[in-house]
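[1] Kindly return the folded structure for what I paste below:
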Amino acid sequence: MALSPMDVTQFAAVDTARAARTLNEVRSAKLSGGRAPVAPRPVIEQSWERVLRSGVDPEHDFRSGLLSPEEVQRRREASGLRHVLPVLREGLLSVADVAHHIMVVADDEGRVLWREGSAPVLRKADGLGFELGADWREEVVGTNGVGTPAVTRRPVQVFASEHFVRSQATWTCAGAPITDPRSGRLLGVVDVSGPLETMHPATLAWVDSVAKLAEARLRELHVLTLERLRAVAAPVLARLGGRALVTDRDGWTAAVTGMPYLERVTLPKSPAAGPRWLPAFGACTVEPLGEGWLVRAAEEPVPRGAVRIVLDLGQPRRWSVRVLGGAEAWVRELSPRHAELLYLLAVHRAGRSASGLAEDMFGDPARTVTVRAEMSRVRRYLGAYLEHRPYRFCEDAEIEVVLPDDPRDLLPHSTAPAVAERRASLPAP
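    Down below sits the predicted model:
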């Protein structure tokens with residue numbers, strides 16, 4: 001029976017043992033350079049390539065030092081994931097326990113912070129080093145349901161020998177990333193794992209839907225914090241003349257006066273009181289107010305001068321745009337989609353139309369609505385340096401792109417055709 005990469009999960013639900021044997025043959029063939037009976041799924045094959053470059057030993061697992069209980073607790077208290085644990089538990093634990101699974105929640109560095117579920121499965125997880133405080137980054141322990149979704153920024157199920165390290169081949173995992181709706185930053189990954197025989201083809205969709213519920217809860221909490229800040233801001237703004245607004249610590253606007261509403265203002269990475277120049281707002285003064293910032297327009301504009309824009313794509317999961325020059329330098333971390341769009345505009349300095357970007361991103365020039373919506377969000381913080389019709393960086397800006405040492409690590413989450421083409425065309429180190 002010939003299998004395509006897309007058939008493996010469904011086939012495993014019918015004949016788990018045979019699917020596991022087939023995947024073991026695929027893994028062995030790929031590692032030895034032989035001919036595989038079926039191609040691995042693209043998300044798995046790309047992960048194996050990254051892991052090979054990281055030097056992970058496929059035949060021997062590696063366990064880095066566990067975090068101390070005190071450090072685990074410190075990270076729990078600092079993590080935004082603590083706010084959505086009730087959502088994750090309600091959505092996953094009752095079914096996971098019955099189905100002989102465990103729920104694992106890891107932070108953005110792949111460290112296991114919470115682990116709950118079936119007691120026998122928890123004991124089996126201990127044997128794999130899947131413990132509290134353990135490091136399950138992809139570059140440390142190979143392809144897995146925690147580290148791989150953190151890199152790809154999308155839900156991933158890893159079944160049997162799709163795990164890169166042999167000792168994990170008796171396991172099945174399904175993980176989904178959870179991102180902070182305020183900043184787009186990765187908060188961590190929620191994963192449901194268990195022994196091979198517990199595999200079910202619907203597990204990934206189930207985990208992904210609960211992760212999305214968690215993100216929805218974070219958005220609700222954000223709205224509540226803005227409402228509290230708005231109550232503090234109202235009497236202050238009522239006494240001010242001119243243009244002013246109050247934002248939370250991430251730059252989301254709670255209230256404005258004397259000007260049109262701005263949904264968000266890009267603040268410096270480490271804002272401090274004093275004169276500033278902010279994208280989409282201009283020259284201003286910033287001062288703390290409650291749990292946020294009061295931003296007041298300066299009486300006289302400050303010239304910005306020449307500008308250098310650095311698009312930093314050198315880190316595997318931390319992308320940023322830095323604006324240097326003018327009144328003040330500032331930096332902003334980028335979501336995966338915004339990193340893709342800005343990279344494409346940096347490559348095409350002459351600019352791209354909405355349909356051209358849709359073709360670059362999705363292989364479909366008709367998807368202009370999605371492109372325009374995303375570019376509208378980009379222009380909220382970079383609008384002073386972007387033009388449209390077509391979309392492009394302004395001519396007097398100097399653009400620098402910082403690429404990873406290995407070009408195959410360029411935006412590894414991206415499935416955009418134009419990005420994949422650029423990734424393949426760059427010379428290997």
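[2] ok, which stretches of this structure are helices?
    With DSSP state H as the criterion, the chain has helices at 8-14, 16-32, 42-54, 69-78, 85-88, 94-98, 119-127, 138-141, 147-152, 203-238, 336-347, 354-362, 368-382, 417-425.
[3] Could you report the neighbour count for R372?
    Neighbourhood size, R372 [other C-beta atoms under 10 Å]: 14. The C-beta positions use only the backbone N, C-alpha and C, and glycine is treated the same way.
[4] Could you list which residues are in contact with it?
    By C-beta atoms under 8 Å, 6 or more residues apart in numbering, the contact set of R372 is A354.
[5] What of R352?
    Shown in contact with R352 (C-beta under 8 Å, 6+ apart): L344, L345, D360, P390, Y391, R392.
[6] Filter those residues down to the buried ones and hand me the ChimeraX line.
    A single ChimeraX command selects the buried members of the contacts of R352 (16 or more other C-beta atoms under 10 Å):
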select :344,345,360,391,392
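[7] circling back: out of the helices of the chain, which gets nearest to P279?
    Nearest of the helices of the chain to P279, taken as C-beta to C-beta: helix 368-382 at 5.1 Å.
[8] Dump that closest one to PDB, restricted to CA.
    What follows is helix 368-382, C-alpha atoms only, in PDB (Å, rounded to 0.1, in the frame of the first residue of the first chain):
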ATOM      1  CA  THR A 368      -5.700  40.900  -1.500                       C
ATOM      2  CA  VAL A 369      -8.100  41.500   1.400                       C
ATOM      3  CA  THR A 370      -5.800  39.500   3.800                       C
ATOM      4  CA  VAL A 371      -2.700  41.400   2.500                       C
ATOM      5  CA  ARG A 372      -4.300  44.800   2.900                       C
ATOM      6  CA  ALA A 373      -5.500  44.000   6.400                       C
ATOM      7  CA  GLU A 374      -2.000  42.900   7.500                       C
ATOM      8  CA  MET A 375      -0.300  45.900   5.800                       C
ATOM      9  CA  SER A 376      -2.700  48.200   7.500                       C
ATOM     10  CA  ARG A 377      -1.500  46.800  10.800                       C
ATOM     11  CA  VAL A 378       2.200  47.100   9.800                       C
ATOM     12  CA  ARG A 379       1.700  50.800   8.800                       C
ATOM     13  CA  ARG A 380       0.300  51.600  12.300                       C
ATOM     14  CA  TYR A 381       3.900  51.400  13.600                       C
ATOM     15  CA  LEU A 382       6.000  51.800  10.400                       C
END
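[9] Excluding residues flanking it in the chain, which one is nearest L186?
    Leaving out its chain neighbours, the residue that sits closest to L186 by C-beta to C-beta, 6 or more residues apart in numbering is D108, at 4.6 Å.
[10] From A150, how far off is that neighbour?
    7 Å (C-beta to C-beta, to the nearest Å).
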